[in-house]
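# model this:
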Amino acid sequence: MEKYWKILLAVLAILLFILLVPLVVFTIRANSETCLKGFELQNKSQRLEEKLRQSQESLREWETHWWSCSNVSKDLKKDLEELTSQRNLMLSQLQELKGENQDLAEKLRNAEAALQLEREKKNPDKTNSALLGPQISKLLVLGLVITLFL
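Residues are numbered from 1 along each chain as shown. From the prediction side, this is the model:
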């Protein structure tokens, strides 16, 4: 039986030696400079990948923001063009109204002159200040108000 234990102990020693040699070799290689640099590079690579991922997320956020601003800018430009168009239309209408106002003012002056001539024909003795009646004064005030508002 003692022989059996010696053989078993020898087999276990050989088995331990067989397992221990690769473990020592692995430990030596794992602690080698090349392996340590490899781990450092792997860590740096992981950190760079994380920074890249964060940068890509940030880029996506900025692109989204840019598209949003771009759309707002396009909308504002469109609104500005519409407002400019409306302004130009209003300016042309204003010019037309000013022209009409001048025509009406001219007609009013002509009507006043014709009325004054008629009054002078009917009453040659009265002065010019007496010829202006309250209706003509109202027309003059109306013409002045229209001119001021335009």
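# any idea how far Gln93 is from Gly99?
Distance, Gly99 to Gln93, by CB to CB, to the nearest Å: 11 Å. Glycine gets a C-beta too; all of them are placed from N, C-alpha and C.
# ok, Tyr4 next?
Look at Tyr4 and Gln93: by CB to CB, they are 121 Å apart.
# how far away is Glu118 from Glu112?
Using CB to CB, Glu118 is found at 11 Å from Glu112.
# of the two, which one has the most company?
Under the neighbour definition other CB atoms under 10 Å, Glu118 and Glu112 were set side by side, and Glu112 has more, 15 against 11.
# just the element for the more buried one, please.
If you go by DSSP states H and E, Glu112 is part of helix 33-122.
# how far away from the center of its chain is that helix?
The chain centre lies 9 Å from the centre of helix 33-122; the measure is CA atoms, centre = their mean, to the nearest Å.
# what does the average pLDDT come to for it?
Across helix 33-122, pLDDT averages out at 91.
# point out the other helices and strands that that helix packs with.
Under the contact criterion of 3 or more CB pairs under 8 Å, 6 or more residues apart in numbering; DSSP states H and E, helix 33-122 touches helix 128-131, helix 134-149.
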